[in-house]
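S.K.: I need the structure of the sequence given here:
(2 chains)
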Amino acid sequence: MYINCNGRQQPISDTTTLQDLLRELDLAPDNVVAEINTKIIDRDQYETLRLSDGDQVELIRFVGGG
Amino acid sequence: MLTIADTPFSSRLFVGTGKFASAPLMQDAIEASGSQMVTVALRRVDLENPADDIMSRLDMDRIHFLPNTSGARNAEEAIRLAHLARAASGTPWLKLEVTPDPRTLLPDPVDTLKATEQLVKNGFIVLPYMNADPILALRLQEAGAAAVMPLGAPIGTNQGIQTAMQVAIIIEQARVPVVVDAGIGAPSHAALAMEMGADAVLVNTAIAVAGDPVRMAGAFKMAVKAGREAFESGLGTSSTSALASSPEHGLIGEDLDFIQG
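M.R.: Numbering: from 1, shown residues only, chains lettered A, B, ... in the order given. Now for the predicted structure:
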C-alpha cells in the first residue's frame, strides 16, 4: 500500500506505524510534528498509530525564518 | 525591563533565523546579538536532506522561541500553522503572519484580526505582524494580542522606518508592547525606532545577509541599547529656528566690557 508523505508517494507495509516511518526516513520524533489527513498527531501516539493506504502524511519542523 | 505576556526580556532586540549562510553562523550571530527572542518558521521536512535541523542549534534554555506562521495566505492557513507550531514547540507563543500577496508580503489586516481573535480564544500568546495602522493596532489589542508588530517597510527591503508617523501614533496609543518589525536594514533604523519609544525591534535580513553577520548582530545590539537609553533619557524637542548652545552674554563684541571688567 501507499501513503502520500510530504507530497511524494511512499510504499509502506501493512503494519507500519508513524514511528516506523520516521525511523525509515531517519528523523528524530522529538523534532518533527506529524499531521495525518490534516489532523495533528500527539507524540505519544507515534508508536501505536498505524498508517493506512492513501493517508496524507505531512511531516513538519522548524526552519530558519523571520 | 520589557515584559510581554508576563515574561521579562532583558534584550529589546528580537532576531529572525532565516537567510543565514550556515547554521553555525546563525548560532554565533544570535549569541552576539544578545537576543532572548528568536523567530522560526515551519516547513515540510526536506526528505532529501533530513539531517538539517535548526532546533539543535538553539539553546532553548536561554532563548525564547517565537514560531511564525509565514507562508499563510489567510486566517484559516495561519490557524492551522499555529496549531502545528504549538505542537512542535510546546509553547503557545506565536508571531502571526498572514500575507496573501507574495510580491509585497504585506499583511492582510482583516484576516490577521480574525486569526488573532480565534487564536487568543485557543490560548495562544499572539504577536501579530501588521501594517502600521494605528486603528488596527487598537483592534488587535482589544482582541487580546500580547504585543503588536507594525512594519517599518515591507519584509526584507532594508528600507528603514518608512511608516514613522503611524508607528509614532501606535506607540502613543498602545497598552501592549510595540515591536517594530520588517524593513529595518541598518542599526540606525533600529536606533530610530527605539528612540521613538518602540518597546523592541525584530531584525532578520539585515543581520543574516551582512558581510559579517556576527559583527552586524553586535552593531544592532548596541544600536537598540543606545536608542532605548536615549528614549528613557528624554530627547530634546526639535525646533525650526536656532537656539544657541553657548551663553549669549559676555560676548567679544563692540564693547569689550567682559575683558575690561
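S.K.: end to end, how far does stretch B:230-237 reach?
M.R.: Stretch B:230-237 stretches 13 Å from its first residue to its last (Cα to Cα, to the nearest Å).
S.K.: Give the buried residues for it.
M.R.: B:F231 (16 or more other Cβ atoms under 10 Å in any protein chain shown). Quick note: C-beta positions are derived from backbone N, CA and C, even for glycine.
S.K.: what comes into contact with it?
M.R.: B:191, B:194-197 (Cβ atoms under 8 Å, 6 or more residues apart in numbering or on different chains).
S.K.: can you give me the helices for chain A?
M.R.: Assigned by DSSP state H, chain A shows helices spanning A:18-24.
S.K.: Point me to the residue of it nearest chain B.
M.R.: Residue nearest to chain B within chain A: A:G65 (2.5 Å; Cβ to the nearest Cβ).
S.K.: Give the burial count for residue 66, as a bare number.
M.R.: Chain wasn't specified; assuming chain A. 26 (other Cβ atoms under 10 Å in any protein chain shown).
S.K.: right idea, wrong chain: chain B
M.R.: By the criterion of other Cβ under 10 Å, B:L66 has 25 neighbours.
S.K.: quick one: it and B:L94 touch, right?
M.R.: Yes. Between B:L66 and B:L94 there is a contact at 7.3 Å, judged by Cβ atoms under 8 Å.
S.K.: list residues touching both of these two?
M.R.: Counting by Cβ under 8 Å, 6+ apart, the residues touching both B:L66 and B:L94 are B:L127.
S.K.: in chain A, what spans have low per-residue confidence?
M.R.: The model of chain A has no residue with pLDDT under 70.
S.K.: just to revisit the earlier point, of the contacts of stretch B:230-237, just say which sits nearest to chain A.
M.R.: Taking Cβ to the nearest Cβ as the measure, chain A lies nearest B:M194 of the contacts of stretch B:230-237, at 18.9 Å.
S.K.: Isn't the closest one up against B:G227?
M.R.: Yes. Counting by Cβ under 8 Å, B:G227 is a contact partner of B:M194 at 2.7 Å.
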